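Trainee: Okay, sequence plus prediction incoming.
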Amino acid sequence: MSTGAQGPESGGGIAVVIPCYRETAHILDVIERIGPGVAQVIVVDDACPDGTGDLVERDCTDPRVRVIRHIANKGVGGATLTGYQAAIAAGAEIIVKLDGDGQMDPDLIPVLVAPIQRGQADYAKGNRFFQLDDIAGMPTVRVLGNLGLSFASKLSSGYWDVFDPTNGFTAIHAKVAALLPFAKISTGFFFESDMLFRLNITRAVAVDVPMQAKYGGEHSSLRIRRVFLEFLGRHLVNTGKRIFYSYFLRDFNFASIELVLGTLLVAFGILFGLIRWADSMGSGVPATAGTVILAALPVIIGTQMLLGFLNHDSRNMPRNPLHLWL
(Lines give C-alpha, C1' and ligand atoms only; values in the text may rest on other atoms or scores of the structure.)
Protein backbone atom coordinates (compact mmCIF):
# COMPACT_ATOMS: atom_id res chain seq x y z
CA MET A 1 0.00 0.00 0.00
CA SER A 2 1.34 3.41 -0.93
CA THR A 3 -0.03 6.80 -0.05
CA GLY A 4 -0.04 10.25 -1.46
CA ALA A 5 -1.35 13.24 0.45
CA GLN A 6 -2.78 16.54 -0.61
CA GLY A 7 -4.04 17.65 2.76
CA PRO A 8 -3.15 17.45 6.44
CA GLU A 9 -2.46 14.09 7.99
CA SER A 10 -4.44 14.77 11.12
CA GLY A 11 -7.53 16.53 12.36
CA GLY A 12 -10.74 15.77 14.24
CA GLY A 13 -14.32 16.17 13.11
CA ILE A 14 -15.80 14.19 10.25
CA ALA A 15 -13.71 12.12 7.87
CA VAL A 16 -15.17 10.78 4.62
CA VAL A 17 -13.75 7.53 3.25
CA ILE A 18 -14.34 6.84 -0.45
CA PRO A 19 -13.35 3.33 -1.63
CA CYS A 20 -12.70 3.49 -5.37
CA TYR A 21 -12.49 0.92 -8.13
CA ARG A 22 -13.12 2.24 -11.64
CA GLU A 23 -14.81 5.44 -10.46
CA THR A 24 -13.03 7.93 -12.71
CA ALA A 25 -16.32 9.04 -14.28
CA HIS A 26 -17.85 10.25 -10.99
CA ILE A 27 -15.20 10.64 -8.29
CA LEU A 28 -14.31 14.29 -8.88
CA ASP A 29 -17.97 15.34 -8.85
CA VAL A 30 -18.54 13.36 -5.64
CA ILE A 31 -15.60 15.05 -3.91
CA GLU A 32 -16.66 18.49 -5.13
CA ARG A 33 -20.10 18.03 -3.54
CA ILE A 34 -18.72 17.20 -0.08
CA GLY A 35 -19.59 20.14 2.16
CA PRO A 36 -17.37 22.25 4.41
CA GLY A 37 -18.50 20.37 7.52
CA VAL A 38 -16.13 17.53 6.56
CA ALA A 39 -12.55 17.86 7.80
CA GLN A 40 -10.89 15.04 5.85
CA VAL A 41 -11.58 13.14 2.63
CA ILE A 42 -9.70 9.86 2.23
CA VAL A 43 -9.82 8.32 -1.25
CA VAL A 44 -8.76 4.67 -1.28
CA ASP A 45 -7.66 3.52 -4.73
CA ASP A 46 -8.29 -0.23 -4.51
CA ALA A 47 -5.75 -1.18 -7.20
CA CYS A 48 -7.99 0.57 -9.70
CA PRO A 49 -6.99 -0.28 -13.29
CA ASP A 50 -8.37 3.09 -14.45
CA GLY A 51 -6.12 5.04 -12.10
CA THR A 52 -8.78 6.71 -9.95
CA GLY A 53 -6.17 7.72 -7.40
CA ASP A 54 -3.97 9.28 -10.10
CA LEU A 55 -6.94 11.25 -11.41
CA VAL A 56 -7.75 12.61 -7.95
CA GLU A 57 -4.15 13.60 -7.22
CA ARG A 58 -3.81 15.27 -10.61
CA ASP A 59 -7.14 17.11 -10.92
CA CYS A 60 -8.47 17.60 -7.40
CA THR A 61 -7.32 20.74 -5.58
CA ASP A 62 -9.33 20.22 -2.38
CA PRO A 63 -6.78 20.48 0.49
CA ARG A 64 -8.80 18.05 2.59
CA VAL A 65 -8.21 15.18 0.18
CA ARG A 66 -5.53 12.53 0.36
CA VAL A 67 -5.16 9.32 -1.60
CA ILE A 68 -4.26 5.89 -0.28
CA ARG A 69 -3.39 3.16 -2.77
CA HIS A 70 -3.72 -0.61 -2.55
CA ILE A 71 -1.16 -2.54 -4.53
CA ALA A 72 -3.60 -5.47 -4.76
CA ASN A 73 -7.40 -5.27 -4.88
CA LYS A 74 -8.95 -5.93 -1.46
CA GLY A 75 -12.62 -5.37 -2.26
CA VAL A 76 -14.93 -2.59 -1.17
CA GLY A 77 -14.80 -3.72 2.45
CA GLY A 78 -11.02 -3.96 2.49
CA ALA A 79 -10.71 -0.49 0.99
CA THR A 80 -13.18 0.93 3.51
CA LEU A 81 -11.32 -0.61 6.43
CA THR A 82 -8.07 0.89 5.16
CA GLY A 83 -9.81 4.25 5.15
CA TYR A 84 -11.13 3.64 8.66
CA GLN A 85 -7.64 2.94 9.95
CA ALA A 86 -6.27 6.07 8.31
CA ALA A 87 -9.11 8.22 9.69
CA ILE A 88 -8.66 6.83 13.21
CA ALA A 89 -4.92 7.46 13.05
CA ALA A 90 -5.61 11.03 11.86
CA GLY A 91 -7.82 11.71 14.88
CA ALA A 92 -11.24 11.74 13.21
CA GLU A 93 -14.28 11.71 15.47
CA ILE A 94 -16.85 10.35 13.00
CA ILE A 95 -16.08 8.36 9.84
CA VAL A 96 -18.46 8.39 6.88
CA LYS A 97 -18.24 5.81 4.12
CA LEU A 98 -19.29 7.27 0.77
CA ASP A 99 -19.17 5.39 -2.53
CA GLY A 100 -17.47 7.03 -5.46
CA ASP A 101 -20.09 6.10 -8.06
CA GLY A 102 -22.39 9.05 -7.41
CA GLN A 103 -25.33 7.01 -6.10
CA MET A 104 -25.05 8.58 -2.64
CA ASP A 105 -25.77 12.26 -2.06
CA PRO A 106 -22.92 13.98 -0.17
CA ASP A 107 -25.40 16.68 0.86
CA LEU A 108 -26.94 14.10 3.21
CA ILE A 109 -23.75 13.66 5.27
CA PRO A 110 -24.91 16.12 7.99
CA VAL A 111 -28.19 14.19 8.28
CA LEU A 112 -26.40 10.85 8.41
CA VAL A 113 -23.99 11.84 11.19
CA ALA A 114 -26.59 13.74 13.26
CA PRO A 115 -27.68 10.73 15.43
CA ILE A 116 -24.03 10.12 16.35
CA GLN A 117 -23.33 13.78 17.08
CA ARG A 118 -26.43 13.94 19.30
CA GLY A 119 -25.24 10.92 21.28
CA GLN A 120 -28.13 8.75 20.10
CA ALA A 121 -26.17 6.16 18.13
CA ASP A 122 -22.72 4.74 17.42
CA TYR A 123 -23.46 3.76 13.82
CA ALA A 124 -25.87 5.24 11.28
CA LYS A 125 -26.74 3.90 7.85
CA GLY A 126 -28.95 4.92 4.98
CA ASN A 127 -32.34 3.34 4.37
CA ARG A 128 -33.68 3.68 0.82
CA PHE A 129 -37.00 2.02 1.70
CA PHE A 130 -38.32 4.61 4.14
CA GLN A 131 -40.11 6.71 1.51
CA LEU A 132 -42.29 4.36 -0.54
CA ASP A 133 -42.41 6.77 -3.50
CA ASP A 134 -38.63 6.53 -3.86
CA ILE A 135 -38.77 2.74 -4.35
CA ALA A 136 -40.51 3.20 -7.72
CA GLY A 137 -37.16 4.15 -9.25
CA MET A 138 -35.39 1.09 -7.85
CA PRO A 139 -35.04 -2.06 -10.00
CA THR A 140 -37.58 -4.75 -9.02
CA VAL A 141 -34.95 -7.45 -8.57
CA ARG A 142 -33.03 -5.19 -6.19
CA VAL A 143 -36.18 -4.45 -4.18
CA LEU A 144 -37.09 -8.14 -3.77
CA GLY A 145 -33.50 -9.14 -3.06
CA ASN A 146 -33.16 -6.45 -0.40
CA LEU A 147 -36.38 -7.61 1.27
CA GLY A 148 -35.04 -11.14 1.66
CA LEU A 149 -31.56 -10.05 2.68
CA SER A 150 -32.94 -7.50 5.13
CA PHE A 151 -34.83 -10.18 7.07
CA ALA A 152 -31.78 -12.45 7.03
CA SER A 153 -29.71 -9.52 8.28
CA LYS A 154 -32.11 -8.92 11.16
CA LEU A 155 -31.54 -12.50 12.29
CA SER A 156 -27.77 -12.40 11.90
CA SER A 157 -27.16 -8.92 13.30
CA GLY A 158 -29.84 -8.71 15.99
CA TYR A 159 -30.81 -5.20 14.83
CA TRP A 160 -34.49 -5.88 14.25
CA ASP A 161 -35.35 -2.26 13.49
CA VAL A 162 -32.62 -1.78 10.87
CA PHE A 163 -33.43 -2.29 7.19
CA ASP A 164 -31.66 -2.16 3.80
CA PRO A 165 -28.48 -3.96 4.99
CA THR A 166 -26.61 -3.63 1.67
CA ASN A 167 -26.76 0.17 1.84
CA GLY A 168 -23.17 1.40 1.93
CA PHE A 169 -23.86 4.99 2.99
CA THR A 170 -22.78 4.72 6.62
CA ALA A 171 -21.27 6.68 9.49
CA ILE A 172 -19.54 5.34 12.59
CA HIS A 173 -18.00 6.93 15.66
CA ALA A 174 -14.24 6.50 15.46
CA LYS A 175 -13.99 5.18 19.04
CA VAL A 176 -16.40 2.37 18.18
CA ALA A 177 -14.68 1.65 14.86
CA ALA A 178 -11.41 1.22 16.77
CA LEU A 179 -12.98 -1.62 18.76
CA LEU A 180 -13.93 -3.70 15.71
CA PRO A 181 -11.90 -6.79 14.74
CA PHE A 182 -10.77 -5.49 11.35
CA ALA A 183 -9.04 -8.76 10.43
CA LYS A 184 -12.30 -10.71 10.81
CA ILE A 185 -14.68 -8.43 8.92
CA SER A 186 -15.68 -9.47 5.40
CA THR A 187 -13.87 -7.38 2.79
CA GLY A 188 -16.21 -8.05 -0.15
CA PHE A 189 -19.78 -6.99 -0.86
CA PHE A 190 -20.90 -8.63 2.40
CA PHE A 191 -18.98 -5.92 4.27
CA GLU A 192 -21.99 -3.78 5.31
CA SER A 193 -23.97 -6.79 6.56
CA ASP A 194 -20.98 -8.21 8.42
CA MET A 195 -20.38 -4.81 9.99
CA LEU A 196 -23.85 -4.93 11.56
CA PHE A 197 -23.09 -8.37 13.01
CA ARG A 198 -19.76 -7.18 14.45
CA LEU A 199 -21.34 -4.02 15.83
CA ASN A 200 -24.02 -5.99 17.67
CA ILE A 201 -21.39 -8.25 19.21
CA THR A 202 -19.68 -5.05 20.39
CA ARG A 203 -23.11 -3.84 21.69
CA ALA A 204 -23.04 -0.65 19.62
CA VAL A 205 -26.25 1.24 18.86
CA ALA A 206 -27.15 1.29 15.14
CA VAL A 207 -29.90 3.36 13.53
CA ASP A 208 -31.40 3.87 10.08
CA VAL A 209 -31.43 7.28 8.40
CA PRO A 210 -33.95 7.77 5.55
CA MET A 211 -32.37 8.59 2.22
CA GLN A 212 -33.55 8.80 -1.35
CA ALA A 213 -32.91 5.86 -3.66
CA LYS A 214 -30.93 7.24 -6.58
CA TYR A 215 -30.39 5.26 -9.77
CA GLY A 216 -29.17 7.10 -12.82
CA GLY A 217 -26.48 6.13 -15.31
CA GLU A 218 -24.09 4.92 -12.60
CA HIS A 219 -22.82 1.37 -12.70
CA SER A 220 -23.24 -0.74 -9.57
CA SER A 221 -20.90 -3.70 -9.08
CA LEU A 222 -23.31 -5.43 -6.70
CA ARG A 223 -25.60 -7.94 -8.40
CA ILE A 224 -28.35 -9.12 -6.05
CA ARG A 225 -29.09 -12.28 -8.05
CA ARG A 226 -25.42 -13.24 -8.04
CA VAL A 227 -24.80 -12.79 -4.33
CA PHE A 228 -28.20 -13.71 -2.87
CA LEU A 229 -27.43 -17.33 -1.96
CA GLU A 230 -23.91 -16.47 -0.81
CA PHE A 231 -25.27 -13.74 1.45
CA LEU A 232 -27.93 -16.06 2.89
CA GLY A 233 -25.27 -18.63 3.77
CA ARG A 234 -23.11 -16.02 5.49
CA HIS A 235 -26.11 -14.64 7.36
CA LEU A 236 -26.88 -18.16 8.61
CA VAL A 237 -23.32 -18.54 9.93
CA ASN A 238 -23.44 -15.12 11.62
CA THR A 239 -26.84 -15.92 13.15
CA GLY A 240 -25.38 -18.99 14.83
CA LYS A 241 -22.37 -17.05 16.07
CA ARG A 242 -24.44 -14.17 17.42
CA ILE A 243 -26.86 -16.41 19.27
CA PHE A 244 -24.01 -18.42 20.80
CA TYR A 245 -22.11 -15.30 21.85
CA SER A 246 -25.15 -13.45 23.18
CA TYR A 247 -27.14 -16.22 24.87
CA PHE A 248 -24.62 -18.83 25.91
CA LEU A 249 -21.14 -17.30 26.14
CA ARG A 250 -21.80 -13.72 27.30
CA ASP A 251 -25.09 -14.43 29.07
CA PHE A 252 -27.46 -17.29 29.88
CA ASN A 253 -31.05 -16.42 30.68
CA PHE A 254 -34.64 -17.61 30.24
CA ALA A 255 -34.48 -16.84 26.52
CA SER A 256 -31.55 -19.26 26.24
CA ILE A 257 -33.67 -21.99 27.84
CA GLU A 258 -36.58 -21.17 25.52
CA LEU A 259 -34.31 -21.53 22.51
CA VAL A 260 -32.86 -24.88 23.58
CA LEU A 261 -36.10 -26.49 24.76
CA GLY A 262 -38.10 -25.06 21.88
CA THR A 263 -35.66 -26.42 19.31
CA LEU A 264 -35.59 -29.86 20.96
CA LEU A 265 -39.39 -30.07 21.22
CA VAL A 266 -39.97 -29.05 17.60
CA ALA A 267 -37.29 -31.46 16.37
CA PHE A 268 -38.72 -34.32 18.47
CA GLY A 269 -42.30 -33.66 17.31
CA ILE A 270 -41.37 -33.52 13.64
CA LEU A 271 -39.10 -36.58 13.79
CA PHE A 272 -41.58 -38.64 15.81
CA GLY A 273 -44.42 -37.63 13.49
CA LEU A 274 -42.47 -38.57 10.37
CA ILE A 275 -41.52 -41.97 11.78
CA ARG A 276 -45.11 -42.76 12.78
CA TRP A 277 -46.41 -41.49 9.45
CA ALA A 278 -44.00 -43.80 7.61
CA ASP A 279 -45.07 -46.74 9.81
CA SER A 280 -48.72 -45.96 9.14
CA MET A 281 -48.18 -45.76 5.39
CA GLY A 282 -46.28 -49.04 5.39
CA SER A 283 -48.77 -50.98 7.48
CA GLY A 284 -51.93 -49.34 6.21
CA VAL A 285 -53.08 -48.83 9.80
CA PRO A 286 -54.11 -45.21 10.60
CA ALA A 287 -52.25 -43.55 13.44
CA THR A 288 -54.18 -43.28 16.70
CA ALA A 289 -55.31 -39.95 18.13
CA GLY A 290 -52.78 -40.31 20.92
CA THR A 291 -49.95 -40.73 18.41
CA VAL A 292 -51.04 -37.62 16.54
CA ILE A 293 -51.23 -35.61 19.76
CA LEU A 294 -47.82 -36.89 20.88
CA ALA A 295 -46.34 -35.62 17.61
CA ALA A 296 -48.25 -32.34 17.41
CA LEU A 297 -48.06 -31.15 21.02
CA PRO A 298 -44.25 -30.84 21.21
CA VAL A 299 -44.27 -28.92 17.92
CA ILE A 300 -46.92 -26.51 19.22
CA ILE A 301 -45.21 -25.94 22.58
CA GLY A 302 -41.78 -25.73 20.99
CA THR A 303 -42.98 -23.20 18.43
CA GLN A 304 -44.42 -21.05 21.20
CA MET A 305 -41.11 -21.17 23.04
CA LEU A 306 -39.18 -20.21 19.90
CA LEU A 307 -41.56 -17.30 19.33
CA GLY A 308 -40.91 -16.25 22.91
CA PHE A 309 -37.17 -16.33 22.22
CA LEU A 310 -37.58 -14.18 19.10
CA ASN A 311 -39.69 -11.72 21.07
CA HIS A 312 -36.94 -11.43 23.68
CA ASP A 313 -34.26 -11.15 20.98
CA SER A 314 -36.10 -8.32 19.23
CA ARG A 315 -36.12 -6.38 22.52
CA ASN A 316 -32.49 -7.16 23.30
CA MET A 317 -30.98 -4.66 20.88
CA PRO A 318 -28.31 -2.29 22.23
CA ARG A 319 -29.91 0.91 23.51
CA ASN A 320 -27.08 2.87 25.16
CA PRO A 321 -24.54 4.36 22.72
CA LEU A 322 -21.19 2.79 23.36
CA HIS A 323 -19.01 5.76 22.45
CA LEU A 324 -20.41 7.77 25.36
CA TRP A 325 -18.76 5.32 27.76
CA LEU A 326 -15.41 5.02 26.02
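Mentor: Looks like it came in fine. Numbering: from 1, shown residues only.
Trainee: which intervals of the stretch 51-200 of the chain have sub-threshold pLDDT?
Mentor: For the stretch 51-200 of the chain, residues meeting the criterion pLDDT under 70 lie at 132-139, 142.
Trainee: how close does the residue sitting nearest the centre point of the chain sit to R315?
Mentor: Centroid-nearest residue in the chain, with Cα atoms, centre = their mean: S193, separated by 2.7 Å. Applying Cβ to Cβ, to the nearest Å, the value for S193 to R315 is 22 Å. The C-beta positions use only the backbone N, C-alpha and C, and glycine is treated the same way.
Trainee: what's the answer for A174, then?
Mentor: To R315, A174 is 29 Å away according to Cβ to Cβ.
Trainee: quick one, strands of the stretch 1-150 of the chain?
Mentor: 2-5, 14-20, 38-45, 65-69, 94-97, 123-127 (DSSP state E, counting those that start in this stretch).
Trainee: burial measure for F189, as a count.
Mentor: 20 (other Cβ atoms under 10 Å).
Trainee: go on, F248?
Mentor: Residues near F248, counting by other Cβ under 10 Å: 12.
Trainee: Surely it is in a helix?
Mentor: Yes - assessed with DSSP: H, G, I helix; E, B strand; the rest coil, F248 lies in a helix.
Trainee: Provide a list of residues in contact with it.
Mentor: Counting by Cβ atoms under 8 Å, 6 or more residues apart in numbering, F248 makes contact with S256.
Trainee: With V96 instead?
Mentor: Counting by Cβ under 8 Å, 6+ apart, the residues that V96 touches are I14, A15, V16, V17, V38, I109, L112, V113, T170, A171.
Trainee: Out of those residues, which two sit at the greatest distance?
Mentor: Largest separation among the contacts of V96 by Cβ to Cβ: V38 and T170, giving 14.7 Å.
Trainee: Do a quick rundown of the helices in the stretch 1-150 of the chain.
Mentor: With helices called from DSSP state H, counting those that start in this stretch, the stretch 1-150 of the chain shows them at 27-32, 52-59, 75-89, 109-117, 140-157.
Trainee: wait, what's in contact with I300?
Mentor: G269.
Trainee: Now for it, which secondary structure element holds it?
Mentor: Element membership for I300, per DSSP states H and E: helix 289-314.
Trainee: again with I257
Mentor: Per DSSP H and E: I257 is located in helix 254-283.
Trainee: which residues touch L147?
Mentor: With Cβ under 8 Å, 6+ apart, L147 has no contacts at all.
Trainee: how about 10 Å then?
Mentor: F129, F163, D164 (Cβ atoms under 10 Å, 6 or more residues apart in numbering).
Trainee: per-domain residue ranges of this protein.
Mentor: Per the record, the chain has its domains at 2-247, 252-323, by automatic domain parsing.
Trainee: deepest of the ones you listed, which one?
Mentor: Each of the domains of the chain was scored by mean neighbour count; the highest is domain 2-247, a mean of 19, by mean count of other Cβ atoms under 10 Å.
Trainee: That one: how far from the chain's middle?
Mentor: Distance, stretch centre to chain centre, for domain 2-247: 9 Å (Cα atoms, centre = their mean, to the nearest Å).
Trainee: Residue numbering should commence at 22 henceforth.
Mentor: I'll keep to 22 as the first residue from here, and by that count the last item is domain 23-268.
Trainee: and R255, that one's in a helix?
Mentor: Yes - assessed by three-state DSSP, R255 belongs to a helix.
Trainee: Pretty sure it sits against E213.
Mentor: No - the pair R255 / E213 is not scored as a contact, 11.8 Å apart, by Cβ atoms under 10 Å.
Trainee: residues shared between the contacts of those two?
Mentor: With Cβ under 10 Å, 6+ apart, R255 and E213 have common neighbours S207.
Trainee: need the strands of the stretch 22-171 of the chain in TSV with distance to T324, can you?
Mentor: Below are the strands of the stretch 22-171 of the chain laid out as TSV (distance: least, Cβ to Cβ, whole Å):
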stretch	distance to T324
strand 23-26	56
strand 35-41	44
strand 59-66	47
strand 86-90	51
strand 115-118	40
strand 144-148	31
